[in-house]
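Trainee: Give the three-dimensional model of this entry:
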Amino acid sequence: MLRHRGSPIICLITSGEGSVPGLVREAAAAGIDLVQIREPMLPGRALVTFVREAIDEAGDSSCSVLVNDRVDVAIAANASGVHLRADSVPAGRVRSIVPSGFLVGRSVHDVAEAAALTRAGGCDYLIFGTVFPSRSKPTGHAAAGVQNLQDVCRATTLPVIAVGGITLKTRLRSLPRGPKESLPLTSFGGDRASARPYRGCASSLTPDPRLSTVLGTGTRGGLGS
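Mentor: Below you'll find the model as predicted:
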């Protein structure tokens, strides 16, 4: 189970460029909760090595290292969990082969998916997006927006990590109140040097308890995924 102690969960997602020396160490020192290793260009053996190095960098901190979609790699590298794509294997099937305490998250894109996954069980958290327009998406890709994000949060009892096109500029927009009259906290995007400022900014807010935060990495413009 993912415990977020009533404060925002901040998840850093690697940029997919295959080299982030020191990134996880800096994230852990900044108080980032989760690091999702998303390196689709790396073959299996190289990805296992990459994940193990990330785990070593996290050390004894409370930062957990997850692997994007590759359950086999997560198990082989002794990662803390896996993040499943929306079209991946069911979370319940993953639960049957992973150790106790292994985190399982899944991407969702609408209320129906969030509600169905909540009923099915097996997930510790959900990721929803793309909330705002993002440079990592093709031109014309429709952003989901804050209202859809709130609707997804209301459809599930699981923590929801919002992702997509988040900068300090989008963060500072006037956002509607959540179901408990608290400010919904959407995701932040930034480069590796931004981890500490984002942690501090997130900690100063009182978010909807089901809505968490994702920090995306990026070397070209600093936008989240």
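Trainee: alpha carbons only for contacts and neighbour counts from here, please
Mentor: Noted.
Trainee: Can I get the lengthiest helix in the chain in CSV? Just the C-alpha atoms.
Mentor: Assignment by DSSP state H gives helix 44-58 as the longest helix of the chain. C-alpha atoms of helix 44-58 as CSV (Å, rounded to 0.1, in the frame of the first residue of the first chain):
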residue,chain,number,x,y,z
GLY,A,44,16.3,-5.8,-20.7
ARG,A,45,19.7,-6.5,-19.3
ALA,A,46,20.9,-2.9,-19.6
LEU,A,47,17.6,-1.7,-18.0
VAL,A,48,18.1,-4.1,-15.0
THR,A,49,21.6,-2.5,-14.5
PHE,A,50,20.1,1.0,-14.8
VAL,A,51,17.4,0.2,-12.2
ARG,A,52,19.9,-1.3,-9.8
GLU,A,53,22.1,1.8,-10.0
ALA,A,54,19.1,4.0,-9.3
ILE,A,55,18.2,1.8,-6.3
ASP,A,56,21.8,2.2,-5.0
GLU,A,57,21.5,6.0,-5.4
ALA,A,58,18.3,6.0,-3.4
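Trainee: Just checking: what are the partner strands of the helix or strand just after it?
Mentor: Downstream of helix 44-58, the next assigned helix or strand under DSSP states H and E is strand 64-68. Strand 64-68 pairs in its sheet with strand 34-37 (parallel), strand 81-84 (parallel), by DSSP bridges.
Trainee: Could I get the buried residue list for the next helix or strand after the last one?
Mentor: Where DSSP H and E defines the elements, the next helix or strand beyond strand 81-84 is helix 91-95. Taking 16 or more other Cα atoms under 10 Å as the basis for neighbour counts, the residues of helix 91-95 that come out buried are 91, 94, 95.
Trainee: do stretch 99-116 as well
Mentor: Under the neighbour-count rule (16+ other Cα under 10 Å), stretch 99-116 has 102-111, 113-115 buried.
Trainee: circling back: which one, of the strands paired with strand 64-68, ends up nearest to residue 12?
Mentor: Closest approach to residue 12 among the strands paired with strand 64-68 (Cα to Cα): strand 34-37, 4.7 Å.
Trainee: who does the helix or strand where residue 105 lies touch, helix- and strand-wise?
Mentor: Following DSSP H and E, one finds residue 105 within strand 103-108. Here strand 103-108 touches strand 81-84, helix 91-95, strand 125-128, going by 3 or more Cα pairs under 8 Å, 6 or more residues apart in numbering; DSSP states H and E.
Trainee: would TSV of these with mean pLDDT and distance to residue 23 be doable?
Mentor: Output for the helices and strands packed on strand 103-108, formatted as TSV (pLDDT from 0 to 100; distance: least, Cα to Cα, whole Å):
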stretch	mean pLDDT	distance to residue 23
strand 81-84	98	19
helix 91-95	96	28
strand 125-128	90	22
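Trainee: can I get these in a markdown table with distance to residue 48?
Mentor: Compiled in a markdown table, the helices and strands packed on strand 103-108 are given as follows (distance: least, Cα to Cα, whole Å):
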| stretch | distance to residue 48 |
| --- | --- |
| strand 81-84 | 13 |
| helix 91-95 | 18 |
| strand 125-128 | 23 |
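Trainee: how far off strand 64-68 does the strand holding residue 105 point, in degrees?
Mentor: 50 degrees (axes from the mean of the first three to the mean of the last three Cα atoms, to 10 degrees).
Trainee: ranges for the helices of the chain?
Mentor: Listed in chain order, the helices of the chain (DSSP H) span 23-29, 44-58, 71-77, 91-95, 111-120, 145-154, 168-171, 195-203.
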